[in-house]
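Undergrad: Here's a sequence, model it:
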Amino acid sequence: MANEAKTSNIFRELLRNTGYYADEDIVVEEQKSDNVRINKLLKNASKRGNKNGFPDFIIWSKKYSEFLIVVEAKADENKHSSDTMDHYADYAVDGALLYASFLSKEFDVLAIGISGEKAECVRISHYIHLKQERTAHPFFDHKILSLEEYFDEIQRSNYKFNQDYTKLITYIKVLNETLHAKRIKESQRALLISGILIALKDRAFKDGYKKHERVDQLVKSLYTSIDGQLSTAEIPQKKIDVLTHAFAFIKTNPTLTDTKDGKKFLEDLIDEIDQEINGFMVTHKYVDTVSQFYIEFLRYANNDKGLGIVLTPPHITDLFVELAGVDKNSVVLDNCCGMGGFLISAMKRMLIDAKGDRDREENIKNNQLIGIEFQDDIYTLLISNMILHRDGRTNVYWGDCFQEMKDVRRRFKPTVGLLNPPYKTKISDTEEFEFILNNLSALEPGGICIAIIPISCVIEKSDTAVNLKKRVLEEHTLEAVLSMPEELFHNSKVNTVTCAVILTAHKPHPKGKKTWFAYCRDDGFVKLKNRGRVDANHTWETIKKKWVTAYRNREVINGFSLMREVTEREEWCAEAYFETDYSQFDMSAYNETVRNFILFSMKMAETQDESEEYDEK
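TA: All right, here's what the predicted structure looks like:
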């Protein structure tokens, strides 16, 4: 006869072996709880649906006050989990998930189902149900870990990142409205937030900003702390002068210096930023947070699109870094680096690969990350971004990449190029492929360059486009072109449809060599009201792995990828060579295609009008 007490004894022994009972800070409760919050949430959590319910084990700790573990045990291994996960009274996993659904209203909950009467063949399953999320997700393998290991792994998980990132974006939107109401200019908002984050790195400022009696003292302290952090970040004096000048508005802004309300407003702002943004950056290192300020603060001002600036989403910068094979030995160049998203993603991957080697980490930050940015306001935010990610010494040039490249190649010998060049908005603007060729010119022979550009660059038949593509093939190897998601830049309110071009530097494209083309239109992200385009279903990691594996193996997958030899006069995109599968045709797809064609035609007509106007001048 099945004996559930045996299963519970096995679990107790697993906890004992992992140190749960030896840690005075950890509370292991069975069948009941002395925690008032837990009892309140489980008031109607009976597995039969008619009274209070308690799991077999509840584990919590004062150290991790917002995290719980709930465990359900069943003696019969066949009662481990049901196909529908809703037989709460009969199956271990089902019951654990029921309790987790109630507790997740206020906690991050790890639900564990355990079944079996023999230690050598016991079954264990883990599911994570994050606070205020609708669903739980399988996580971890079948081994019981320490409470600290569980907590740390969940904090680093893609599930937790997506939740925290969504919360961050929501806060930034609210912050934008607050700063708008206070009449702080859109162009100064990201600088103000960046400046506060930099000042908070100064321990004296962080501990004492609430102790000032007058607003002018607080403002002076804020600016002085920013200046001090810049001065100690091993930045050349010429750059420091540019940066301190950019932050000078803090000393004179009427809202910040208002003697009536300024002190409370500024104190509350600093306090919120420390909790909401600093907290996120401590938990999730090397995420390009500053770019999100910029996107949100300028999206209604239309300044970013007008300048041709399209900031690359973080999941795409991470993708490119992986496709390029960046490791601890790479020297990465972004000659159009904007806020530094590619450099931050590259740094994250390089530091992980360094595996704690302090000398290698210092060399990565000092010598293996190179950026060039032309616009002074963007440059200021870029430097701020790198300082916030504990790298104030990255070799970031302020200037014209077409002027700086010889020095970059001589000094650093880059092996990887990553870029999202300015997109043409006027006929007189520099062609996107010119920036790619500029990046390639600095790379070592055999180096990899990946650029994201408008798909029009690879399908246009104009003499300019054909000649640029010809130059690319004569000097470098076209390894792959990935058609990117159509609404990739939805959060920036930019409609540009793009592709990613992957090239090997200084090795002319061999005659007869085929290029890999992929239709990477679906990255799993969805548009949600007030949240933008997000990985709501947590599918991106799986999709990214598929794309990277397919690229590395040059896999030919029906409807997704193919190999084809192309010349400069042909279209460089997968769509041009797929055979149409009419069995998948429906009216919604037809309507969407017609709509996109009309939008494209209108855009091309505007470009033609600009061209004619320019010629007349």
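Undergrad: got the contact list for F11?
TA: D56, F57, V71, A73, I114, I144 (CB atoms under 8 Å, 6 or more residues apart in numbering). (Glycine included, C-beta is placed from N, CA and C.)
Undergrad: again with H315
TA: Counted by CB under 8 Å, 6+ apart, H315 has contacts D523, F525, D535, W540, K544.
Undergrad: Test my guess that the last one contacts L319.
TA: The one in question is K544. Yes: look at K544 against L319 with CB atoms under 8 Å: they come within range, at 5.7 Å.
Undergrad: ok, those two, which is more surrounded?
TA: Taking neighbours as other CB atoms under 10 Å, K544 and L319 compare with L319 leading, 26 against 19.
Undergrad: in the stretch 151-300 of the chain, which spans are helices?
TA: 158-181, 186-199, 203-208, 215-231, 237-246, 254-257, 262-273, 279-283, 289-298 (DSSP state H, counting those that start in this stretch).
Undergrad: among the ones you listed, where is the model least confident on average?
TA: Among the helices of the stretch 151-300 of the chain, helix 289-298 carries the lowest mean pLDDT, a mean of 70.
Undergrad: What helices and strands are in contact with that helix?
TA: If contacts are counted by 3 or more CB pairs under 8 Å, 6 or more residues apart in numbering; DSSP states H and E, helix 289-298 sits against helix 158-181, helix 186-199, helix 303-306, helix 376-388.
Undergrad: Tell me which residues are up against that helix.
TA: With CB under 8 Å, 6+ apart as the criterion, helix 289-298 contacts 168-169, 172-173, 176, 179, 186-187, 189-190, 193-194, 277, 280-281, 304, 311, 314, 338-341, 381, 384-385, 388, 491-492.
Undergrad: Now, of those residues, which are buried?
TA: 168-169, 172-173, 176, 179, 186, 189-190, 193-194, 277, 280-281, 304, 311, 314, 338-341, 381, 384-385, 388, 491-492 (16 or more other CB atoms under 10 Å).
Undergrad: Tell me which residue lies nearest the centroid of this structure.
TA: Residue closest to the mean C-alpha point of the chain, counted by CA atoms, centre = their mean, is P314 at 3.4 Å.
Undergrad: List the contacts of it.
TA: If you count contacts by CB under 8 Å, 6+ apart, P314 has them with V287, D288, S291, G341, S345.
Undergrad: Please tabulate those residues in CSV and include distance to I557 as additional columns.
TA: Output for the contacts of P314, formatted as CSV (distance: CB to CB, whole Å):
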residue, distance to I557
V287, 31
D288, 31
S291, 32
G341, 29
S345, 26
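Undergrad: Which one of those is nearest to E149?
TA: Set against E149, the nearest of these by CB to CB is V287 (22.6 Å).
Undergrad: From A22, how far out is the closest residue to the closest one other than its chain neighbours?
TA: Spatial nearest neighbour of V287, excluding adjacent residues (CB to CB, 6 or more residues apart in numbering): P314 at 6.0 Å. Using CB to CB, to the nearest Å, P314 is found at 40 Å from A22.
Undergrad: Please apply the same query to A136.
TA: A136 is 29 Å from A22, where distance means CB to CB.
Undergrad: More neighbours: which of those two?
TA: Neighbour totals were compared for A136 and A22, and A136 leads with 22 against 9 (other CB under 10 Å).
Undergrad: care to break the protein down by domain?
TA: Domain ranges of the chain: 4-155, 160-283, 289-574, 587-617, per automatic domain parsing.
Undergrad: Count the residues that sit near the closest residue to K105 other than its chain neighbours.
TA: Nearest residue to K105, sequence neighbours excluded (CB to CB, 6+ apart): L41, at 6.0 Å. Using other CB under 10 Å, L41 is surrounded by 21 other residues.
Undergrad: got it, and E267?
TA: 15.
Undergrad: And the one 4 residues further on, by the same measure?
TA: Residues contacting D271 under the criterion other CB under 10 Å number 12.
Undergrad: next one: R183
TA: 9.
Undergrad: Which residues are in contact with it?
TA: Taking CB under 8 Å, 6+ apart, one finds P254, T255 in contact with R183.
Undergrad: and if you look at A190?
TA: V290, F293, Y294, F297, L298, L381 are the contacts of A190 under CB under 8 Å, 6+ apart.
Undergrad: From N385, how far off is the third one?
TA: Okay, so that is Y294. Y294 is 10 Å from N385, by CB to CB.
Undergrad: next one: the first one
TA: For V290, the distance to N385 (CB to CB) stands at 4 Å.
Undergrad: can I get the CA coordinates of stretch 371-384 in CSV?
TA: Extracted C-alpha coordinates of stretch 371-384, given in CSV (Å, rounded to 0.1, in the frame of the first residue of the first chain):
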residue,chain,number,x,y,z
GLY,A,371,33.1,52.7,-30.3
ILE,A,372,32.7,55.8,-32.4
GLU,A,373,29.8,58.3,-32.1
PHE,A,374,29.4,61.5,-34.0
GLN,A,375,26.6,63.3,-32.2
ASP,A,376,27.7,65.0,-29.0
ASP,A,377,24.4,64.5,-27.1
ILE,A,378,24.3,60.8,-27.9
TYR,A,379,28.0,60.6,-27.1
THR,A,380,27.3,61.9,-23.6
LEU,A,381,24.7,59.3,-23.0
LEU,A,382,27.0,56.6,-24.4
ILE,A,383,29.8,57.4,-22.0
SER,A,384,27.3,57.6,-19.1
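Undergrad: could you give the mean pLDDT of it?
TA: On average, stretch 371-384 scores 86.
Undergrad: Check stretch 483-490 too.
TA: For stretch 483-490, the mean per-residue pLDDT is 91.
Undergrad: Check the separation of the first and last residues in that stretch.
TA: End-to-end distance of stretch 483-490 (CA to CA, to the nearest Å): 16 Å.
Undergrad: and what of stretch 510-520?
TA: Per CA to CA, stretch 510-520 runs 26 Å from first to last residue.
Undergrad: What residues sit buried inside that stretch?
TA: Under the neighbour-count criterion of 16+ other CB under 10 Å, stretch 510-520 has T515, W516, F517, A518, Y519, C520 buried.
Undergrad: One more: stretch 364-379?
TA: I364, K365, Q368, L369, I370, G371, I372, E373, F374, D377, I378, Y379.
Undergrad: with those residues in mind, which one is nearest to T477?
TA: Nearest to T477 among those: I370, at 22.5 Å, using CB to CB.
Undergrad: OK, contacts around the closest one?
TA: Contacts of I370 (CB under 8 Å, 6+ apart): V331, V332, L333, D334, T394, N395, V396, Y397, V408, F412, P414.
Undergrad: of those residues, the lowest pLDDT goes to which?
TA: T394 (67).
Undergrad: does V287 really touch G340, like I thought?
TA: No: V287 lies out of contact with G340 (CB under 8 Å); the separation is 11.7 Å.
Undergrad: Helices of the stretch 351-500 of the chain, residue ranges please.
TA: 358-367, 376-388, 401-412, 432-442, 456-459, 463-475.
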